[in-house]
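Colleague: fold the following and give me the result.
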Amino acid sequence: MSEVRPAPRTVPAPEEGRAAQAVRVGGLGAVLAGIVFLATIAYTFGLLFSRGLSFEMLNEPARLLPWVHVHTAAYLGLWWIFTLHLLCLLPVPRALAMIAGEGRATIRTATVSGIAGAVVGMIAAQVNVATAPPLAAASVSIAEALRPNVWLLSVLAGDFGLQLRLLSDLLIAVWLGTTGFTLARTAGWRALGVAQLLVSVLVVVVYVGKPFDWYDLEPTLGFVLALVYLWIGVSLLRAE
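Modeller: Residues are numbered from 1 along each chain as shown. Model (predicted):
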């Protein structure tokens with residue numbers, strides 16, 4: 001397969017400066033996104049699990065909601081950290097487009113997809129931030145006969161947030177896969193491009209299997225995405 005090299009730039013110097021700044025900001029954003037995403041994983045398995053949270057509880061609102069009521073601040077902290085990593089990710093798709101070829105329609109589409117994925121993911125996190133505290137409080141204060149209604153609302157809110165997170169992952173996979181296909185044929189970026197293609201395939205596998213509980217690779221996906229964001233960030237900072 002022939003290598004693809006970035007076309008020589010013929011834009012004025014001020015435009016070159018803005019492009020270099022976009023690559024720099026995107027590189028820093030990707031590094032921060034990777035670090036914060038790893039912090040999200042450490043926060044979950046370190047702090048929250050040490051306080052009694054478990055994977056089984058996530059599917060049992062009768063156990064989860066009372067726990068959230070006792071540990072509301074810690075639980076909400078998880079979703080705010082998750083939101084922060086996606087906020088850091090926002091400038092990255094445009095920066096990567098500078099390398100992959102921002103003038104191509106496919107790359108422009110991928111850039112929009114990546115930004116949209118980050119925004120949808122932030123909305124998904126805020127669904128949990130908005131619904132968890134009142135539902136948790138109601139689960140311990142409402143009459144026992146009415147608690148199944150609270151549990152049902154919790155399941156609906158949780159499933160809504162899950163579907164938004166899966167959509168976010170899918171949009172990000174489109175961005176990673178499309179840009180990865182070009183980078184895999186670009187001198188100096190081939191390894192990163194292949195890694196992005198593999199991650200996009202993993203996202204699709206998780207997306208297909210998660211709603212049916214065939215397998216739970218979501219924690220693994222988060223770790224892999226964090227490493228890829230770090231890789232993207234370091235590569236962009238070296239390319240500026």
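Colleague: when you work out contacts or count neighbours from here on, use the C-alpha atoms and nothing else.
Modeller: OK.
Colleague: how about the strands in the protein?
Modeller: Assigned by DSSP state E, the chain shows no strands.
Colleague: residue ranges of the helices in it, please?
Modeller: Counting by DSSP state H, the chain forms helices over residues 13-42, 49-50, 61-70, 72-89, 92-100, 105-141, 147-183, 190-209, 218-239, given from the N-terminal end onward.
Colleague: just the C-alpha atoms of the last one, please, in CSV.
Modeller: Taking Å, rounded to 0.1, in the frame of the first residue of the first chain, the C-alpha atoms of helix 218-239 are listed here in CSV:
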residue,chain,number,x,y,z
GLU,A,218,-16.7,-1.3,28.6
PRO,A,219,-14.0,-1.0,31.4
THR,A,220,-11.4,-2.4,28.9
LEU,A,221,-12.6,0.0,26.2
GLY,A,222,-12.2,2.9,28.6
PHE,A,223,-8.6,2.0,29.4
VAL,A,224,-7.7,1.4,25.7
LEU,A,225,-9.3,4.8,24.6
ALA,A,226,-7.4,6.6,27.3
LEU,A,227,-4.1,5.1,26.0
VAL,A,228,-5.0,6.0,22.4
TYR,A,229,-5.8,9.6,23.4
LEU,A,230,-2.4,9.9,25.1
TRP,A,231,-0.8,8.5,21.9
ILE,A,232,-2.7,11.0,19.8
GLY,A,233,-1.7,13.8,22.1
VAL,A,234,2.0,13.0,22.2
SER,A,235,2.0,12.6,18.4
LEU,A,236,0.3,15.9,17.8
LEU,A,237,2.7,17.8,20.1
ARG,A,238,5.7,16.3,18.4
ALA,A,239,4.2,17.3,15.0
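Colleague: so who does the residue lying closest to L227 once chain neighbours are set aside touch?
Modeller: If the residues on either side of it in the chain are set aside, L227 comes closest to G34, at 6.2 Å by CA to CA, 6 or more residues apart in numbering. Listed by CA atoms under 8 Å, 6 or more residues apart in numbering, the contact partners of G34 are 85, 225-230.
Colleague: and which of these is nearest R94?
Modeller: Of all the contacts of G34, R94 sits closest to Y229, with 13.8 Å by CA to CA.
Colleague: that closest one contacts L28, doesn't it?
Modeller: No. The pair Y229 and L28 does not pass the contact test of CA atoms under 8 Å, sitting 10.1 Å apart.
Colleague: who's in contact with P66?
Modeller: The neighbours of P66, taking CA under 8 Å, 6+ apart as the test, are 136-137, 139-140.
Colleague: mind running it again at 6 Å?
Modeller: The contact partners of P66, taken as CA atoms under 6 Å, 6 or more residues apart in numbering, are A136.
Colleague: count of neighbours near A187?
Modeller: For A187, the tally of surrounding residues (other CA atoms under 10 Å) stands at 13.
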